[in-house]
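Q: For reference, the sequence and a predicted model appear below.
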Amino acid sequence: MFGAEVTDDGQYLLISVSEGCQPQNRLYYLDLNRVPKAQDTQALDFSKFDFEKGQGKLPLVKLIDNFDASWDYVANDGQDFTFKTNLAAPRYRVVRVNLSSAGDPSSWPDVIPQHPKDLLQSAVALQGDELVVRHLRDVKGALARHKLSTGELVQEFDLPGIGSVGGFSGNRKSKEFFFSFTSFVEPGSTYRFDLAAASPQPELFRATQLKVPHNPADYEVKQVFVPSKDGTKVPMFITHKKGLQLDGSNPTLLYGYGGFNISLEPGFSASRLAWLAGYNGVYAQANLRGGGEYGIEWRNAGSKENKQNVFDDFHACAEYLYQAGYCCPGKLIIQGGSNGGLLVAACINQRPDLFCCGMAQVGVMDMLRFHKFTIGHAWITDYGDPDKADDFKWIYPYSPLHNVRVPQEGSQQYPALILATGDHDDRVVPLHSLKLISELQYQLARAAADSSKQRNPLLIRVEVRAGHGAGKPTAKIIAETADLIGFAAQCVGAKWQAADVAAGGDGHAKANL
């Protein structure tokens, strides 16, 4: 895959080349002064380098020509370039190099060294000697001001609370920048900073207003660190209304992903607000290994031969919710999508006693053939290659499709389960979900219909004219969300609590997802 950007001064074109899903890329550059300009418009004229008709090759310089690390452009002053990288730094650092004497990348000096614990997410240069750096600190957003020239810390900025920073907007033409802040109960606000001020602090620029009554102060958000099977502390956020009784009776939704270096940060969701406010539910979000919350090492600890760690982490989070009194197995729902759909299905296979209900959306379920369809081959960097004997040994034991078994203890049945897919999903093709639901219904009911104890529903929801999720029309999102939440609520016996809030004068609840 290729990406391109022009430096802030307009002098260089940077080209990034990546493969698979690893945070690694090659980096080439082109001095745009070497590209002739059209006489009439003075626009850059690349016809000389046309692949079919041109007379010469594009004079690209291969600054980084391997996949040893990732490289992201931060700023440049002439030939002095500043990059963000994970070379010898799984939590990332900021380095500097002069193009005229680049040498080995391992020799490039630090501007901002790797933090002992925090994940460096981005660095943006502003006018003058200003560099604003965004870290993820125990999965919570943090923002700081540094000197671009030396990396010296100038100021740590105060943020509104537990949440995530995104939507950063700023450039080298101004000392002003904007960023967005959101949390589990804050629908999102945009803040403005002016570093030219004597004592710069965030100023609220615009706040998102909901069309339903909502007061973030009515909710409690906390973070806990759960010991997993091997003792690793796994972060988990828990959100609920204040005054919740910890008597094990609360309908609880546990969400996870755990893969592809993706960080699950605090964020607002209208559908989760419906769960919190409408059903007086608890929402828990687990930051499992395999994600990017603590950098490459955290990601690697949940990938390939270490994938079972992800499922162990999720099991541990479920058990914590019981032990802390939030819920009991009869009140716990688990949910995940894509790689998170695999998570839900694998965890239910391994520990059907832990959960009441599972919602697995567009999941990767056939781990022996995932790489044979559409973009699945790119996931080998995370899962391994099932065509290789050594990789097969760790993939097969957790593959959802190949590990459906009638439980021999307890109720001898699976929790209620609903799979969701789109008939035009060209990322995780629908055959994954279709094959798994067929296997579930056959193994747990049809194969021994007379003796089967399976009474919990095993369903699939197929959305027509829809794909993996991106670009899905709002009406379809609302319909799917209503179906899934309604199914989950029915399974755990949750009752709608907020009809007086979301209803008109006739008492009929309105859909405000």
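A: Looks like it came in fine.

Q: By mean pLDDT, point me to the weakest helix or strand of this structure.
A: helix 499-502 (a mean of 47; mean pLDDT, DSSP states H and E).

Q: what's the longest helix seen in the chain packed up against?
A: The helix spanning the most residues in the chain, taking DSSP state H as the definition, is helix 474-492. Here helix 474-492 touches strand 332-337, strand 357-361, strand 416-422, strand 458-463, going by 3 or more Cβ pairs under 8 Å, 6 or more residues apart in numbering; DSSP states H and E. The way it works is simple: take the backbone N, C-alpha and C, and place the C-beta from them, glycine included.

Q: which one of these has the most crowded surroundings?
A: strand 357-361 (a mean of 27; mean count of other Cβ atoms under 10 Å).

Q: the inter-axis angle of that one versus strand 332-337?
A: 10 degrees (axes from the mean of the first three to the mean of the last three Cα atoms, to 10 degrees).

Q: circling back to that earlier point, let me have the helices and strands packed on helix 474-492 in JSON lines, extended by mean pLDDT.
A: Putting the helices and strands packed on helix 474-492 into JSON lines (pLDDT from 0 to 100) gives the following:
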{"stretch": "strand 332-337", "mean pLDDT": "98"}
{"stretch": "strand 357-361", "mean pLDDT": "98"}
{"stretch": "strand 416-422", "mean pLDDT": "97"}
{"stretch": "strand 458-463", "mean pLDDT": "97"}
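
Q: got TSV for these, with distance to Ala75 too?
A: Shown next, in TSV, are the helices and strands packed on helix 474-492 (distance: least, Cβ to Cβ, whole Å):
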stretch	distance to Ala75
strand 332-337	36
strand 357-361	40
strand 416-422	41
strand 458-463	44
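
Q: quick one, phi/psi of the closest residue to Ile375 other than its chain neighbours?
A: Once flanking residues are discounted, Ile375 sits nearest to Arg427: 5.9 Å by Cβ to Cβ, 6 or more residues apart in numbering. Arg427 has phi and psi values of phi -100, psi -70 when expressed as degrees, to the nearest 10.

Q: Enumerate every residue touching Arg427.
A: 338, 362, 374-375, 467-468 (Cβ atoms under 8 Å, 6 or more residues apart in numbering).

Q: Please pick the buried ones from those.
A: 338, 362, 467-468 (16 or more other Cβ atoms under 10 Å).

Q: ok, which stretches of the stretch 251-400 of the chain are strands?
A: 252-255, 282-286, 332-337, 357-361 (DSSP state E, counting those that start in this stretch).

Q: Indicate which one of the ones you listed is closest to Phe487.
A: strand 357-361 (7.4 Å; Cβ to Cβ).

Q: Show me what the closest one is packed against.
A: strand 332-337, helix 339-350, strand 416-422, helix 474-492.

Q: Quick one: these as a markdown table, columns for distance to Gly163 too.
A: Formatted as a markdown table, the helices and strands packed on strand 357-361 follow (distance: least, Cβ to Cβ, whole Å):
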| stretch | distance to Gly163 |
| --- | --- |
| strand 332-337 | 21 |
| helix 339-350 | 21 |
| strand 416-422 | 28 |
| helix 474-492 | 22 |
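
Q: which stretch among those comes nearest Phe2?
A: Comparing these under Cβ to Cβ, the one sitting nearest is helix 339-350, at 24.3 Å.

Q: Now do the closest one against strand 416-422, angle only.
A: 150 degrees.

Q: hmm, back to that, quick one: closest of the helices and strands packed on helix 474-492 to Asn300.
A: strand 332-337 (20.3 Å).

Q: gap between that closest one and the chain center?
A: Its chain's C-alpha centre and that of strand 332-337 lie 15 Å apart, by Cα atoms, centre = their mean, to the nearest Å.

Q: which two from the buried ones among the contacts of Arg427 end up farthest apart in space?
A: Ser338 and Gly467 (11.6 Å).

Q: what's Leu321 in contact with, if anything?
A: 238, 252, 254, 282, 284, 327, 332.

Q: Format the residues you listed as TSV; extra columns: distance to Pro352.
A: Formatted as TSV, these follow (distance: Cβ to Cβ, whole Å):
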residue	distance to Pro352
Ile238	24
Thr252	17
Leu254	15
Val282	21
Ala284	19
Cys327	16
Leu332	12
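
Q: Of the residues you listed, which is the nearest to Phe392?
A: Distances from Phe392 to the contacts of Leu321, taken by Cβ to Cβ, are shortest for Leu254, at 30.0 Å.

Q: Could you report the separation of the closest one from Val310?
A: Distance of Leu254 to Val310, given as Cβ to Cβ, to the nearest Å: 14 Å.
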